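Visitor: What would the 3D arrangement of this be:
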Amino acid sequence: MASKAASTSIPRTMRAWTHRQAGSPSRVLSMTENVPIPTLPTDTSVLVRVSYVATHPGMLILMHFVPSWLRRMPAIPETDFSGVIVSCGKNVPGSSTTGGECEPGVRDFRPGTSVFGSMPVMPHLRSGQGALAEYIAIESAAIARKPTNISFEEAAALGVSAHTATVLVEAAEVPKDAKILINAPCGGVGHFATQLLRHRNPTARIIGICSGHNHELAVRLGCDDTIDHTAFPNAEGQTLTDYLSAKYGNEQEQFDIIFDAYGSQDLWTSSAKYLKPGRDHPYVNVGPKQGVSISEVPGFLCKVIKNSTLPTWLGGVPRPYKQISAFTNTEALEKCRDLAQRGEFKTHVGEKLNFEHALGAYETMASGHARGKVVVKIWEPERSDGAA
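Guide: Here you go, the predicted model:
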C-alpha cells in the first residue's frame, strides 16, 4: 500500500498499555514493550504519533463487559487522543501536498500535521487498536486538525465528551433568559456543557450541582451559583431533591431546563417538583449512571426503558425526557474543532499523568470525583500549533 511518511524515522515497535481479557483496568491492563507499530489498514488511513490521551468512562464499561471472544485481543484501550501525523495513505486528503502551510478550514492531513481524533467503537473492538500507545493507525475520517489556540493536552479531549456536551446543549433548545439547573457542571461532559450554555445564553441563570470543592471552578465555567450535593442529607434529614423541591418548587422559581451530565436517577424521578411543565422544558441527560458490575446491567437497562417510555398514568415522570447518546464522526470532530477555535469552550484538564502511571487515570474516573478531563501524557511535540 502506497504511503507518505514524515522525514523523521518511524520505529518498528512501540510501548502500549494492553489487555487480553475483560475486567477492571488495575487487574487486566499492563504496559507492554515492543508492540509492533500498527500498519495502515487502508489508503485513507493515517499513522499518528500520539501526544496525549483523554480517558472517558465509556472505556471502563467496554473493558469490563466486552469478552475476548467479541473483540480483537490483545487490545489497546482508549479512543480519544491528540498527536502528529507521521505517515498517511495515498488517498488521505492533502497527502500529496508538499511544502507550505495548511490552509485554514481545509481537511489537509499531510505528515507533520497536528491533529486530534476519536476512534469509533466498532473499529476499536475489531482491530484491537486504541490510543493508549505511542502510535495509532486510524482512518482520516476519524481525525481533525488541532485548533491553533489550544495545547495538545487540551485537544485530546475534543472527542466523545466535547461532542456529547454539544449534542446535549443543542437538544434542549435553550430559550433566552432561561433558568437552568446542571448536574455535574465540572465533570468530563458537564464542564464543556456549562461553557457552551453560558456562551450561548449570556443572560441565563445557571445553577450547578457539585461539591463545595468545585464551586469556584463551576463559577469560572459559567455557573451563577452552585448547590453542594455533599451537604445532604443535612442536619434536618433533608435530601438534595427535598431541598430542590422546597427552594425551587413554586411556579416562579422552577427551572426551565435541567441538564444532567452525571445520570442521577433521583434527580429525574423528582424533577416534576422543580422543573416547569410542558414540551419546552425538558430533562436532558446522558442516561442513568452505569456501574461496572455485571449485576448492575439489568437495573441500568430497566431505568433506560422506564425513563423513556413509561406513561404518566403508570407512574412515569410528567416531564419531557431526552437521553443523549453521541457517537463521533467527521462532522462532530470538525464541529468541536470549530467551537474550540472560536473559544466557545476550552478543555479543563483536572489531572495529567505520565504514560507509565496511566492506571491512575482509571482510579480517578472510578472514584467519581474527576474535575474536567483526565489526560495521559505520552509525548510533548515541540510545536503546539495546528499547522503542518
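Visitor: what sits up against stretch 118-131?
Guide: Applying Cβ atoms under 8 Å, 6 or more residues apart in numbering, the contact partners of stretch 118-131 are 16, 38, 41, 50, 53, 58, 62, 66, 70-81, 136-139, 142, 159-160, 163, 327-329, 333. Quick note: C-beta positions are derived from backbone N, CA and C, even for glycine.
Visitor: Quick one, which of those residues are buried?
Guide: 16, 38, 50, 53, 58, 62, 71, 75-81, 136-139, 142, 159-160, 163, 328, 333 (16 or more other Cβ atoms under 10 Å).
Visitor: In three-state terms, label Thr39 for me.
Guide: Taken by DSSP: H, G, I helix; E, B strand; the rest coil, the conformation at Thr39 corresponds to coil.
Visitor: Let me know how buried it is, in neighbour terms.
Guide: By other Cβ atoms under 10 Å, the residues close to Thr39 number 11.
Visitor: and it, backbone torsions?
Guide: phi -90, psi 160 (degrees, to the nearest 10).
Visitor: Tell me the spacing between it and Tyr135.
Guide: 10 Å (Cβ to Cβ, to the nearest Å).
Visitor: In strands, which of the contacts of stretch 118-131 appear?
Guide: Residues of the contacts of stretch 118-131 located in strands (DSSP state E): 16, 50, 53, 80-81, 136-139.
Visitor: what secondary structure does Val375 sit in?
Guide: strand.
Visitor: Tell me who's in contact with Phe232.
Guide: Contacts of Phe232 (Cβ under 8 Å, 6+ apart): 238-240, 242-243.
Visitor: now swap in Tyr243 and tell me
Guide: Tyr243 sits in contact with 227, 232, 234, where contact means Cβ under 8 Å, 6+ apart.
Visitor: will you turn those residues into CSV that also has secondary structure?
Guide: Shown next, in CSV, are the contacts of Tyr243 (three-state DSSP):
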residue, secondary structure
Ile227, strand
Phe232, coil
Asn234, coil
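Visitor: Pick the one among the residues you listed closest to Ser24.
Guide: Using Cβ to Cβ, the shortest approach to Ser24 within those belongs to Phe232, at 29.7 Å.
Visitor: Quickly note the distance from that closest one to Cys88.
Guide: For Phe232 relative to Cys88 (Cβ to Cβ), the value is 53 Å.
Visitor: Local confidence estimate at the closest residue to Trp379 other than its chain neighbours?
Guide: Among residues not flanking Trp379 along the chain, Ser51 sits closest, at 5.3 Å (Cβ to Cβ, 6 or more residues apart in numbering). Ser51 is assigned a predicted lDDT (pLDDT) of 98.
Visitor: Verify the stated contact: Ser51 with Glu380.
Guide: Yes - if you go by Cβ atoms under 8 Å, Ser51 and Glu380 touch, sitting 6.6 Å apart.
Visitor: quick revisit: list just the nearest of the ones in strands among the contacts of stretch 118-131 to Arg200.
Guide: Asp80 (23.8 Å).
Visitor: For Tyr274, give me the pLDDT.
Guide: 98.
Visitor: Check the nearest residue to it once chain neighbours are set aside and give its pLDDT.
Guide: Closest residue to Tyr274 apart from its sequence neighbours, by Cβ to Cβ, 6+ apart: Tyr248 at 4.1 Å. We have a pLDDT of 97 for Tyr248.
Visitor: so how many other residues sit close to Tyr248?
Guide: 18.
Visitor: Report the helix or strand with the lowest average pLDDT across the chain.
Guide: When each helix and strand of the chain is scored by mean pLDDT, DSSP states H and E, strand 3-5 comes last, with a mean of 64.
Visitor: show me what contacts Pro93?
Guide: 106-109, 140.
Visitor: Next: Val46.
Guide: Counted by Cβ under 8 Å, 6+ apart, Val46 has contacts 40, 85, 87-89, 92, 109, 115, 137-140, 143.
Visitor: what are the phi and psi angles of it?
Guide: phi -130, psi 160.
Visitor: Domain map for the chain?
Guide: 3-159+328-377, 161-323 (automatic domain parsing).
Visitor: okay, the angle between the helix or strand harbouring Arg337 and strand 135-139?
Guide: If you go by DSSP states H and E, Arg337 is part of helix 330-342. Counting by axes from the mean of the first three to the mean of the last three Cα atoms, to 10 degrees, helix 330-342 lies at 120 degrees to strand 135-139.
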